[in-house]
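Student: quick one, what's the 3D model for this:
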Amino acid sequence: MISSVHAVTTNYFPRWDPELLFKILNNIHDVVLVIDFNTTIVFANEAYAKILGVPVAKVLGRRLDKIEPKAKPIEMLRTGESSYCRRNYLDSLSINVIGSTFPLYNGKKIIGCVSIFKNINDVVELNRELNQTKGVAAYLKEQLELEAQLPNSFEEYIGRNCRLKETLKLAAKVAKTDTTVLILGESGVGKEVLARVVHNSSTRKNRPMIKVNCAAIPEDLIESELFGYEDGAFTGAKKGGKLGKFELAHRGTIFLDEIGDMSLTMQAKLLRILQEKEFERIGGIRAIKVDIRVIAATNRNLEKMIEDGSFRRDLYYRLNIVPLMLTPLRERKDDILELAKVFLKQFAKELGHELTLSPQAERLLKAYDWPGNIRELKNVLEHASIVCSNKVITANHLPAHIIPKKNYLSVKEKSYNIKEIVASVEKEVILSALKACNNNRTEALSILNPIGETVILKIRLYW
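Tutor: Predicted coordinates:
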């Protein structure tokens with residue numbers, strides 16, 4: 001028999017009730033197994049049945065050396081040495097367990113032992129989730145540090161343009177599914193913003209969205225960044241290995257930006273993940289299954305790249321299930337002022353005072369073609385907010401390339417002298433007439449109406 005449990009008597013526990021001890025043991029999530037000196041199983045808690053799938057009543061009274069001759073408790077009874085966090089393979093159940101075993105004494109005599117262990121598969125899964133959590137936390141910290149160096153982007157897509165609205169409606173529909181999405185559009189149109197909107201509107205919104213810029217990662221590093229690597233996989237590999245972006249995105253979303261810049265070799269490996277939802281780390285031999293939603297984006301013409309042989313056709317069809325085309329800013333100029341207000345509101349918080357656009361500045365912004373799209377608009381307004389010494393941004397505060405070289409709008413806006421403005425417009429009209437008539441003053445006079453001595457003098461002056 002096992003010696004009785006000794007405990008200090010207190011006001012709260014005048015004596016230990018065996019039933020209370022059994023309740024405590026049965027609420028432990030790990031298996032608790034007690035055997036006597038003859039290896040007879042005298043106690044097993046409820047976790048035994050849950051973890052090993054064997055009813056407790058079936059093993060009580062049986063000898064462990066008949067069930068598991070190589071079990072750690074048997075070795076401990078033979079050697080008298082405790083073991084901690086040791087791995088053991090259970091032949092009868094074909095599973096690996098990990099745990100600790102220590103002896104029970106009656107005086108100096110060993111009369112049995114206690115073994116506490118758990119299924120190693122649970123440990124592996126727990127360790128994986130822990131590593132993923134740590135990896136995601138490190139990734140988010142890295143992104144926050146990166147964001148501190150870059151302008152803050154707006155959280156939701158802004159715009160009333162009819163073509164943009166159609167794209168957003170389709171994005172809202174696809175967001176509810178796990179379908180792969182391909183976002184197309186020029187650089188700076190807000191592809192990453194739309195990807196974030198789709199993720200935040202999906203069932204995965206409480207899980208991470210991991211971003212990978214395929215154009216920014218060197219070719220010799222992108223495989224380890226995406227798939228991770230095992231300990232000692234190559235020279236310089238981090239001790240303990242590293243989780244790749246796909247593993248960090250498990251149960252969440254991975255955003256593959258600039259997918260058109262990915263090499264053909266990596267395209268083939270990406271295709272396997274899309275098809276089979278599994279991959280192997282560099283230096284690994286075990287296939288890792290992942291539950292991910294893929295959103296890809298590019299500013300390149302993938303169909304032309306397929307013809308050129310620089311993009312896989314089968315991968316294109318895998319990605320192009322639901323394409324979302326973002327209109328360039330020059331084709332949605334009705335959104336420019338609304339976007340400008342959002343950006344100026346952000347900059348106003350940083351500066352501590354309101355910022356508005358003068359009528360002339362608004363006209364200049366709407367007249368410009370914006371080859372850099374929304375990103376360029378934001379940068380221009382950030383520049384203007386910095387150089388502006390008051391609350392109103394005028395033409396003088398905009399970068400030089402925004403202002404046309406020959407245009408009446410280029411008159412200094414701070415001047416409200418009607419004569420100066422009229423003279424400027426008049427000069428532009430006369431010069432335009434001369435140019436149209438190949439600098440023939442007589443013909444220029446004939447198309448200018450009314451004709452007066454003042455106009456004749458000015459033609460002679462400007463010609």
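Student: so residue 239 sits in a strand?
Tutor: No. Assessed with DSSP: H, G, I helix; E, B strand; the rest coil, residue 239 is coil; it does not lie in a strand.
Student: and the nearest residue to it once chain neighbours are set aside, how many neighbours?
Tutor: Excluding the flanking residues, the one nearest residue 239 by Cβ to Cβ, 6 or more residues apart in numbering is residue 231, at 6.3 Å. C-beta: built from backbone N, CA, C; applies to glycine. By the measure other Cβ atoms under 10 Å, the count of residues near residue 231 is 13.
Student: what's the separation between residue 231 and residue 180?
Tutor: The spacing between residue 231 and residue 180, counted by Cβ to Cβ, to the nearest Å, is 32 Å.
Student: ok, now residue 281?
Tutor: 23 Å.
Student: please name the bridge partners of residue 119.
Tutor: For residue 119, the beta-bridge partners under DSSP bridges are residue 97.
Student: surely it touches residue 95?
Tutor: Yes. Residue 119 lies in contact with residue 95 (Cβ atoms under 8 Å); the separation is 6.0 Å.
Student: got the residue ranges for the helices in the stretch 251-400 of the chain?
Tutor: For the stretch 251-400 of the chain, applying DSSP state H, counting those that start in this stretch gives helices covering 264-276, 302-308, 313-319, 336-351, 359-367, 373-387.
Student: possible to save those as CSV with mean pLDDT, mean neighbour count and distance to residue 401?
Tutor: Output for those, formatted as CSV (pLDDT from 0 to 100; neighbours: other Cβ atoms under 10 Å; distance: least, Cβ to Cβ, whole Å):
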stretch, mean pLDDT, mean neighbour count, distance to residue 401
helix 264-276, 90, 15, 37
helix 302-308, 94, 14, 30
helix 313-319, 94, 17, 36
helix 336-351, 89, 16, 16
helix 359-367, 90, 17, 11
helix 373-387, 91, 19, 9
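Student: make JSON lines out of those helices and add distance to residue 398.
Tutor: Formatted as JSON lines, the helices of the stretch 251-400 of the chain follow (distance: least, Cβ to Cβ, whole Å):
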{"stretch": "helix 264-276", "distance to residue 398": "42"}
{"stretch": "helix 302-308", "distance to residue 398": "36"}
{"stretch": "helix 313-319", "distance to residue 398": "39"}
{"stretch": "helix 336-351", "distance to residue 398": "11"}
{"stretch": "helix 359-367", "distance to residue 398": "6"}
{"stretch": "helix 373-387", "distance to residue 398": "6"}
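Student: between those helices, which one is closest to residue 196.
Tutor: helix 373-387 (14.1 Å; Cβ to Cβ).
Student: what is the orientation angle of that closest one with helix 336-351?
Tutor: 40 degrees (axes from the mean of the first three to the mean of the last three Cα atoms, to 10 degrees).
Student: elements contacting helix 373-387?
Tutor: Packing partners of helix 373-387 (3 or more Cβ pairs under 8 Å, 6 or more residues apart in numbering; DSSP states H and E): helix 336-351, helix 359-367, strand 392-393.
Student: repeat that for 7 Å
Tutor: helix 336-351 (3 or more Cβ pairs under 7 Å, 6 or more residues apart in numbering; DSSP states H and E).
Student: contacts for the helix it packs on next, please.
Tutor: Contact partners of helix 336-351, identified using Cβ atoms under 7 Å, 6 or more residues apart in numbering, comprise 152, 154, 158-160, 329, 354-355, 357, 362, 365-366, 374, 377-378, 381-382, 385.
Student: repeat that for 6 Å
Tutor: 152, 154, 158, 354-355, 365-366, 378, 381, 385 (Cβ atoms under 6 Å, 6 or more residues apart in numbering).
Student: what do you get for stretch 19-28?
Tutor: 32, 45-46.
Student: so for that stretch, what gets flagged as buried?
Tutor: residue 25 (16 or more other Cβ atoms under 10 Å).
Student: show me how far that stretch is from its chain's centre.
Tutor: Its chain's C-alpha centre lies 44 Å from the corresponding centre of stretch 19-28 when counted by Cα atoms, centre = their mean, to the nearest Å.
Student: show me where the stretch 1-150 of the chain has helices.
Tutor: According to DSSP H, counting those that start in this stretch, the helices that the stretch 1-150 of the chain contains are 18-26, 46-52, 56-59, 64-67, 72-79, 120-147.
Student: contacts only, for residue 287.
Tutor: Taking Cβ under 6 Å, 6+ apart, we find residue 287 in contact with 278, 280.
Student: backbone dihedrals for it, please?
Tutor: Note on residue 287: backbone dihedrals following degrees, to the nearest 10 are phi -70, psi 130.
Student: sounds good, over and out.
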